[in-house]
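Student: take this sequence and fold it.
(one chain, ligands or ions: 3)
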Amino acid sequence: MYRLASRLIPLLCLVMIAAPALCGAAETANFRDVVPPNSGTGEAQGDPLETFPTSWAANPIGLAFDFYDPTTVWFFHEADPGPGIYRVDVAAPHGSTPFVYSKLGGPNTDGGSIRPSDGYIYAADYNGDLVTIDDNIYLYDRSGSTVAFWETDTGLAGTPCSGGEVNVILDVAVDHQNPGIVYATSAVGQIYALDLSDTSGGSASPSACAVLASFPPPAGITITTGIEYDPCNDGYWIADFSSANLVLVANDGTFATVIESFPGGAVGGFNTGVTPQVDGETPLPLWTVDFSAAVVTRVDSATPGCTLAATILAIPTLGRFGLGAIALALAGCAWFMLRHRRTA
Ligand SMILES: [Ca+2]
Ligand SMILES: [Ca+2]
Ligand SMILES: [Ca+2]
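Tutor: Ligands and ions are numbered 1, 2, ... in the order given. Prediction:
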């Protein structure tokens, strides 16, 4: 009997050591649960980490981290002639490449967001050209071909979204949990939830869209401009046309639950664009741009950074009871094996 136990118990111990990895898969946690807060590099929340001019184009409005290719941040500006959209290297010296595309109303654009599943680019155009098209959102594939577009304003003869209109659109952020939903900011100050899941019009005619809801600016913001999703903190960063404030609101469907709020960037007094840099650097850096000064400032958000893989990887967790039980069992194993070795 003793001999049987001496063989079985080490085997059971091995199973228990492996069990957390096997059993933990059913229970998951957000990556932010395991990343420590500010790493203590000496910067405070809102401090500039780096500043550089947008030498490739003036008058920047929107910024979008590339959730499909984390070496890139996308840059949007309304300026004629276009192209209006550039890819910028995350790594210094931040080289840029123009994005070639074509659209009604000329190539100018204001803000955008990158769909994580396929890297497609949502790009918003403030008032279009007010000749052929009014406020609109385009969706391009990675080669610059138009996948679909939507008119969001009734100013011209186009078909606006059902449920209301979005005028003087500025920037958009794609919903990572539902990539047919986009949140748009506007110079009237509101944030709009738009259903852009219909793409039946293709590149030839506007597809159907719906305004699902509108939200007032969160506390700390007067005129919503830049907006982008932060998967590390499961929230949306929002920039203000009236101040240097950068505000992170929870992804709870209200745009009113403020997680962080502080001034940063804003070389010319306000930020037009904001996006998190989600490539593993922590604390999470934000990129901000300033329409008037044409300067990018990387800002310390003092919130946890993460990698894209970590935001979708299931991280096993065990409750306190589970960890305590395993610790006791492992101690029992060690005691048994030591005792067995002495008496063998
Ligand atoms: Ca954006
Ligand atoms: Ca308009
Ligand atoms: Ca325009």
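Student: what residues does the stretch 201-344 of the chain have near ligand 1?
Tutor: By the rule Cβ under 5 Å from the ion, the part of the stretch 201-344 of the chain lying against ligand 1 is residue 228. In short, each C-beta sits where N, CA and C put it, glycine included.
Student: where do the helices sit along the stretch 201-344 of the chain?
Tutor: Taking DSSP state H, counting those that start in this stretch, the helices of the stretch 201-344 of the chain run over residues 308-312, 320-343.
Student: burial count for the nearest residue to residue 203 once chain neighbours are set aside?
Tutor: Counting by Cβ to Cβ, 6 or more residues apart in numbering, residue 146 is the residue found nearest to residue 203 once chain neighbours are left out, at 3.8 Å. By the criterion of other Cβ atoms under 10 Å, residue 146 has 17 neighbours.
Student: show the contacting residues for residue 146.
Tutor: Taking Cβ atoms under 8 Å, 6 or more residues apart in numbering, we find residue 146 in contact with 101, 102, 103, 138, 139, 140, 202, 203.
Student: for those, work out which two are farthest apart.
Tutor: Longest distance between any two of the contacts of residue 146 is 14.7 Å, between 101 and 202; criterion Cβ to Cβ.
Student: now residue 248: how far from residue 257?
Tutor: With the distance defined as Cβ to Cβ, to the nearest Å, residue 248 ends up 10 Å from residue 257.
Student: how about the residues of the stretch 1-150 of the chain by ligand 2?
Tutor: Taking Cβ under 5 Å from the ion, the part of the stretch 1-150 of the chain that reaches ligand 2 is made up of 127, 134, 135.
Student: compare those residues and tell me which has the most neighbours.
Tutor: Among those, residue 135 has the most neighbours (other Cβ under 10 Å), with 29 neighbours.
Student: list the contacts of that residue.
Tutor: Shown in contact with residue 135 (Cβ under 8 Å, 6+ apart): 124-128, 151-153, 155, 165-169.
Student: in CSV, list the residues you listed along with distance to residue 194.
Tutor: Rendered in CSV, the data for those read as follows (distance: Cβ to Cβ, whole Å):
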residue, distance to residue 194
124, 10
125, 14
126, 15
127, 17
128, 16
151, 12
152, 7
153, 12
155, 17
165, 11
166, 7
167, 13
168, 15
169, 10
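Student: what about those residues, which are in helices?
Tutor: Using DSSP state H, no member of the contacts of residue 135 falls within helices.
Student: rewinding a little: rank the helices of the stretch 201-344 of the chain by pLDDT, which is bottom?
Tutor: Per-stretch mean pLDDT for the helices of the stretch 201-344 of the chain is lowest at helix 320-343 (a mean of 53).
Student: what's the separation between the residue nearest to residue 203 and residue 183?
Tutor: Spatial separation of residue 146 from residue 183 under the definition Cβ to Cβ is 21 Å.
Student: with residue 294 instead?
Tutor: The separation that residue 294 has from residue 183, given Cβ to Cβ, amounts to 26 Å.
Student: of those two, who's got more company?
Tutor: residue 183 (24 against 18).
Student: make sure that one is indeed in a strand.
Tutor: Yes - according to DSSP: H, G, I helix; E, B strand; the rest coil, the state of residue 183 is that of a strand.
Student: okay, now the unreliable bits of the stretch 201-344 of the chain?
Tutor: In the predicted model, the stretch 201-344 of the chain carries pLDDT under 70 at residues 310-344.
Student: in it, which residue sits closest to ligand 3?
Tutor: The nearest approach of the stretch 201-344 of the chain to ligand 3 comes at residue 291, 13.9 Å away (Cβ to the ion).
Student: what helix or strand is the closest residue in space to residue 227 that isn't next to it in sequence on?
Tutor: Nearest residue to residue 227, sequence neighbours excluded (Cβ to Cβ, 6+ apart): residue 173, at 4.4 Å. In the assignment (DSSP states H and E), residue 173 maps to strand 169-174.
Student: domain map for this protein?
Tutor: Domain assignment for the chain, taken from automatic domain parsing, gives 2-27+319-343, 36-315.
Student: most packed of those domains?
Tutor: The highest mean neighbour count among the domains of the chain belongs to domain 36-315 (a mean of 20), with neighbours defined as mean count of other Cβ atoms under 10 Å.
Student: how about the residues of the protein by ligand 3?
Tutor: Residues of the chain lying near ligand 3 (Cβ under 5 Å from the ion): 108, 125, 126, 127.
Student: lowest-confidence one in these?
Tutor: Looking at pLDDT alone, these dip lowest at residue 108, where the score is 79.
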